[in-house]
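In: Here is my input, please return the structure:
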Amino acid sequence: MDEFIVFNRFYFLIYPNPQAYHFFLILDSTFNINSSMKYSKKLPKRSVRAKGTNLKVHFKNTCETGRAIKGRGLRNAQRYLQDVVEKRQCVPFRKFNQGTGRHGAAKNFKAIFARWPEKSARFLLDMLKNAESNAKEQELDLDKMVITHVQVNQAPKGRRRTFKAHGRITRYCSRPCHVQLFVSEQKWYNPKKKDRIIPLSQKKHQKKVNREKIKN
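Out: Model prediction:
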């Protein structure tokens, strides 16, 4: 009897006779062979890039997180995303903010709505590590690397169903995404001036300390 082995969306048919080993490919119904995203523009000189396709992470959260790290230095962006994972800093939600709560930490970014998308931050951290390793191979100055391009696109939705009482069926979709980013070496970039943003709580504490010094 024939057997099927599933490996990364590929279905291999194995025949009992090992000498007559054949396999054929059946594409999953939720996977499109042309769904892998191409880079939207050419790579500039002294730059590296990284790409992720069909990432199982929310499109809207990743889009806002990518907007928050664009224009930052490579080291600065890595520290910022690590702070988001550890809930030290927030991600301002400017576009996809329906149902998002207001928070005082968003004032650091001149925004009102904020969240802490931990999963999106982890995915982007992995992509920045990939870009960092590519920069090391090209012997680029990591302290001068700046994120110049971040693009997040919607991927094909994963469609599922939830079954309820009285024969009702409700669709249940996941919204993955494609992500691409460019990191370029910029001679004008000064990592000391663009350091991590100080959280609002620390700013208030510092103001309180300064007032006490003036009184004394």
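
In: List the buried residues of the top helix by length along the chain.
Out: Secondary structure of the chain per DSSP state H: the longest helix is helix 118-137. Residues of helix 118-137 classed as buried: 118, 120-121, 123-125, 127-128, 130-132, 135 (neighbour count, 16 or more other Cβ atoms under 10 Å). Heads up, the C-betas are built off the backbone N, CA and C, glycines and all.

In: can you list the residues that contact that helix?
Out: 48-52, 55, 57-58, 61-62, 64-66, 69, 74, 77-78, 81-82, 84-85, 91, 142, 145, 147, 179, 181, 183, 185 (Cβ atoms under 8 Å, 6 or more residues apart in numbering).

In: Try it again at 7 Å.
Out: 48-50, 52, 55, 57-58, 61-62, 65-66, 69, 74, 77-78, 81-82, 84-85, 142, 145, 179, 181, 183 (Cβ atoms under 7 Å, 6 or more residues apart in numbering).

In: Which of these fall in helices?
Out: Going by DSSP H, the helices hold 61-62, 65-66, 69, 74, 77-78, 81-82, 84-85 from these.

In: can you put the residues you listed in CSV and add neighbour count, pLDDT and distance to K41?
Out: Below are these laid out as CSV (neighbours: other Cβ atoms under 10 Å; pLDDT from 0 to 100; distance: Cβ to Cβ, whole Å):
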residue, neighbour count, pLDDT, distance to K41
N61, 23, 96, 24
T62, 25, 96, 20
T65, 30, 96, 21
G66, 23, 95, 16
I69, 23, 95, 18
L74, 25, 94, 19
A77, 24, 94, 20
Q78, 17, 95, 24
L81, 26, 96, 24
Q82, 15, 95, 29
V84, 24, 95, 27
V85, 16, 96, 30
